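Visitor: Okay, predicted coordinates and the sequence, questions at the end:
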Amino acid sequence: MDHIRFLKLIADPRARSLQYRDVVRAYYDRITAEYRARWGDSFHLPLLTDLQPLEQGILGAEQLIFLEGNLGPSMHILDVGCGIGGPTLNLAEMSGAEVTGVNVVERQVQIARERAAARGLSGRVRFEVADAMALPFPDAFFDAVVVFESGCYMPDKPHFYRECARVLRPGGRFLGIDWMAREGLDREARVAYIEPICRIHAIADLIDLGQLQRYLDEAGLAIERCEDVTAWTGLTQAPAPSAEEQARARAFGASADGGLPETSAWLRLGGVALRMGARAGAFIEGLWVATRRVSSSTIEEPVGS
């Protein structure tokens with residue numbers, strides 16, 4: 001996808017939703033190498049970062065999901081939106097489980113497979129090119145489903161959570177961390193703080209914790225934990241972006257005339273947008289743990305979905 005078309009798509013919330021597969025692929029085709037060089041192989045925010053280096057905070061998020069999910073060697077786990085396989089491979093090593101990662105970005109799946117082979121995990125870790133809006137697995141196929149900041153890219157969040165619940169066995173755990181908006185934001189706050197995040201990171205939209213709880217319940221999932229863990233990410237303690245940085249973040253993608261910035265500048269603007277939103281209390285990192293209800297034999301699509 002050429003830069004002009006990409007900029008036009010990310011500047012339009014409706015286009016980001018309707019053409020999410022093309023938008024996500026174009027985004028990660030552009031930023032994966034630089035992101036990996038600057039951040040590492042796990043493309044998510046750190047948690048539990050007090051007095052910890054970045055890499056330990058990132059691993060801390062994965063360890064938290066491992067512990068909350070009670071993941072073990074007899075399980076088959078699905079990592080939805082697996083990136084280049086950082087969390088997938090780390091969870092496989094922590095748990096001894098069989099783990100499958102899915103992703104719509106072909107190049108990232110190729111890298112993930114190469115990394116699995118290099119770490120000697122190809123025997124019980126596999127990666128597939130697949131759309132999480134239509135998972136290519138039978139009902140009740142997995143013992144646990146995990147999400148690391150990938151659900152935010154899905155254009156129809158209720159349908160996405162139903163898909164995750166569909167492939168989860170009764171009694172299985174669905175858990176993750178994801179980017180969300182604070183509940184009760186007015187339109188002005190969403191335009192000022194949430195839209196820059198979505199535009200820069202090529203995200204469809206952000207829901208809030210109340211919506212998440214409702215969608216999980218409607219998908220046949222019993223919620224055990226659902227909370228705001230933004231304070232654990234370090235975003236609110238980071239230095240405040242300058243007025244100039246904030247203006248550039250809000251203007252990103254608004255015009256195709258100037259083209260895309262260099263990838264390093266693009267990623268810096270992404271960090272600016274996250275800090276802006278978190279410091280204003282508009283953006284949050286959400287954590288949830290849920291279990292598929294044993295009594296839910298089927299999950300039906302609502303009429304009109």
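Guide: Okay, I see it.
Visitor: Neighbours of the spatially closest residue to residue 119 that is not a sequence neighbour, how many?
Guide: In space, and not counting its chain neighbours, residue 119 is closest to residue 89: 5.9 Å by C-beta to C-beta, 6 or more residues apart in numbering. C-beta here means a position set from N, CA and C on the backbone, and glycine is covered the same way. A count of neighbours around residue 89, defined by other C-beta atoms under 10 Å, yields 25.
Visitor: Would you mind measuring from residue 89 to residue 265?
Guide: 30 Å (C-beta to C-beta, to the nearest Å).
Visitor: next one: residue 110
Guide: Taking C-beta to C-beta as the criterion, residue 110 is separated from residue 265 by 27 Å.
Visitor: Could you do residue 212 as well?
Guide: Residue 212 sits at a distance of 32 Å from residue 265 (criterion: C-beta to C-beta).
Visitor: Would you check that the residue nearest to residue 119 makes contact with residue 121?
Guide: Yes - A contact is recorded between residue 89 and residue 121 when judged using C-beta atoms under 8 Å, the distance being 5.8 Å.
Visitor: tell me what the single longest strand found in the chain is packed against?
Guide: As assigned by DSSP state E, the longest strand anywhere in the chain is strand 168-181. Secondary structure elements in contact with strand 168-181, counted by 3 or more C-beta pairs under 8 Å, 6 or more residues apart in numbering; DSSP states H and E, are helix 54-69, strand 142-148, helix 157-166, helix 209-218, strand 283-292.
Visitor: Relative to residue 182, which of the ones you listed is closest?
Guide: Minimum separation from residue 182 across the helices and strands packed on strand 168-181 (C-beta to C-beta) falls at strand 283-292, 5.5 Å.
Visitor: List the pairing partners of that closest one within its sheet, with orientation.
Guide: Within its sheet, strand 283-292 is paired with strand 168-181 (antiparallel), strand 221-228 (antiparallel), according to DSSP bridges.
Visitor: what mean pLDDT does it have?
Guide: Strand 283-292 shows a mean pLDDT of 98 in the predicted model.
Visitor: Please name the residues that touch residue 21.
Guide: Under the criterion of C-beta atoms under 8 Å, 6 or more residues apart in numbering, the neighbours of residue 21 are 104, 131.
Visitor: how about 6 Å then?
Guide: By C-beta atoms under 6 Å, 6 or more residues apart in numbering, the residues touching residue 21 are residue 104.
Visitor: Now the particular helix or strand that has it in it: buried residues?
Guide: Following DSSP states H and E, the helix or strand that holds residue 21 is helix 20-39. Of the residues in helix 20-39, those scored as buried under the neighbour-count criterion (16 or more other C-beta atoms under 10 Å) are 20, 22-28, 30-32, 35-36, 39.
Visitor: Any chance of these in TSV with distance to residue 172 and pLDDT as columns?
Guide: Below are these laid out as TSV (distance: C-beta to C-beta, whole Å; pLDDT from 0 to 100):
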residue	distance to residue 172	pLDDT
20	26	96
22	32	96
23	31	96
24	26	97
25	29	97
26	34	96
27	31	96
28	28	96
30	35	93
31	33	94
32	30	96
35	31	92
36	31	94
39	30	91
